[in-house]
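Q: using only what follows, build the 3D model:
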Amino acid sequence: MAFPEPKPRGPELPQKRVKTLDCGQGAVRAVRFNVDGNYCLTCGSDKTLKLWNPLRGTLLRTYSGHGYEVLDAAGSFDNSSLCSGGGDKAVVLWDVASGQVVRKFRGHAGKVNTVQFNEEATVILSGSIDSSIRCWDCRSRRPEPVQTLDEARDGISSVKVSDHEVLAGYTGHKNQEYKLDCCLSERDTHVVSCSEDGKVYFWDLVEGALALALPVGPGVVQSLAYHPTEPCLLTAMGGGVQCWREEAYEAEGGSS
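A: Reported below is the predicted structural model:
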C-alpha cells in the first residue's frame with residue numbers, strides 16, 4: 001500500500017525580533033541587504049550611509065558625502081562598491097573598503113528615490129521624483145548619463161533590473177507621505193509590504209490572502225529588506241532597524 005507523500009512544510013515567516021539596531025543617523029529612510037545577505041545598509045536623514053552586520057548588531061563603516069538625506073542604496077554583486085541616491089538629487093558611487101566617494105553623478109531635477117546596479121555593476125540606474133530613470137556609466141568620466149528614460153508620467157519610486165529589462169514603479173498616491181517598500185520573501189511565496197500603521201503585511205502569492213500582519217511598533221514602517229536565502233526580515237522604523245527571524249531561530253550564543 002502506498003502512503004501519501006508528506007505535505008511539504010509551508011515557508012516559515014520571520015516574526016521573532018532578534019535584534020534592534022539603534023542606527024544613530026536620524027530617521028532611517030531605507031534598509032537594504034547586500035547581495036549575499038551577510039550585511040545591510042541603512043540610509044539616514046542625517047546624510048549618512050552605514051554598513052552593518054545586522055544579526056550581530058555591529059557597525060562596520062559610515063559613508064559621508066551626500067548633501068541631504070539618503071533615500072536608497074544598493075551593493076554591487078562582488079560587495080566592492082555601493083551606490084546611493086538622496087534628497088540632494090545626486091547619485092553617489094562608493095568604494096566599500098575605503099569608504100571614499102568614487103564618483104558623484106548629477107543631472108536629476110529632483111530627489112533620487114531609488115538606485116540599482118546592473119548585474120555587472122558597470123552601470124547605476126537611478127529613479128527620481130523628476131519622473132526619469134537615468135543610467136550612469138561607473139567606468140566613464142563622462143558627467144552626463146549614458147541613457148535617460150523619461151516616459152513615466154509620475155515620480156519614480158522603485159527600479160528593478162533584470163538581464164535585459166528595467167521595471168519602474170510609479171507613485172500613484174496623491175496624499176502618501178512616505179515612499180513605502182514592498183518585496184518578495186526568499187522563496188518567492190509571499191509579498192511583504194510596509195505600512196503606515198506600524199505593521200508589515202505578508203500576502204500569500206498563491207492564495208492572494210493575508211498570511212501575517214507583523215506588529216513592528218508605534219510608527220510608520222518606512223522600509224524593509226528580505227534576506228536572499230533565509231527567512232530573515234529587516235524593518236526600518238524611526239531611527240532604528242529591527243531584525244526578525246523565524247520562531248525556531250536561535251542566535252549564536254543564545255538569544256539576544
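
Q: name the nearest residue to residue 133, sequence neighbours excluded.
A: Using Cβ to Cβ, 6 or more residues apart in numbering and skipping the chain neighbours, the partner closest in space to residue 133 is residue 149 (4.2 Å). Every residue, glycine included, has its C-beta placed from N, CA and C.

Q: burial of that neighbour, as a residue count?
A: 17 (other Cβ atoms under 10 Å).

Q: how close does it get to residue 243?
A: 35 Å (Cβ to Cβ, to the nearest Å).

Q: for residue 87, same thing?
A: 26 Å.

Q: now swap in residue 20 and tell me
A: For residue 20 relative to residue 243 (Cβ to Cβ), the value is 7 Å.

Q: do residue 237 as well
A: Using Cβ to Cβ, residue 237 is found at 12 Å from residue 243.

Q: what do you get for residue 94?
A: Residue 94 is 23 Å from residue 243, by Cβ to Cβ.

Q: what do you get for residue 28?
A: Taken as Cβ to Cβ, the span from residue 28 to residue 243 is 13 Å.

Q: hang on, the earlier thing: between residue 87 and residue 243, which one's more packed in?
A: Legend: neighbour count by other Cβ under 10 Å for residue 87 and residue 243, higher for residue 243 (25 against 19).

Q: now the strand or helix carrying the more buried one, how far from the centre of its chain.
A: Assessed by DSSP states H and E, residue 243 sits inside strand 240-245. Here strand 240-245 shows a centroid-to-chain-centroid distance of 13 Å under the convention Cα atoms, centre = their mean, to the nearest Å.

Q: helices and strands around that strand, which ones?
A: For strand 240-245, the contact count by 3 or more Cβ pairs under 8 Å, 6 or more residues apart in numbering; DSSP states H and E identifies strand 16-22, strand 28-33, strand 232-237 as packing neighbours.

Q: JSON lines for those strands, including distance to residue 219?
A: Converted to JSON lines, the helices and strands packed on strand 240-245 look like this (distance: least, Cβ to Cβ, whole Å):
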{"stretch": "strand 16-22", "distance to residue 219": "13"}
{"stretch": "strand 28-33", "distance to residue 219": "11"}
{"stretch": "strand 232-237", "distance to residue 219": "5"}
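
Q: to residue 102, which of the ones you listed lies closest?
A: strand 28-33 (18.6 Å; Cβ to Cβ).

Q: average pLDDT for the closest one?
A: For strand 28-33, mean pLDDT is 96.

Q: so in that sheet, which strands flank that strand, and in what orientation?
A: The pairing partners recorded for strand 28-33 under DSSP bridges are strand 40-44 (antiparallel).

Q: give me the angle between the strand it pairs with and strand 232-237.
A: 10 degrees (axes from the mean of the first three to the mean of the last three Cα atoms, to 10 degrees).

Q: chain center to stretch 23-38, what's the gap?
A: Taking mean C-alpha positions (Cα atoms, centre = their mean), stretch 23-38 and its chain are 7 Å apart.

Q: flag every buried residue along that stretch.
A: By 16 or more other Cβ atoms under 10 Å, the buried positions in stretch 23-38 come out as 23, 25, 27, 28, 29, 30, 31, 32, 33, 34, 37.
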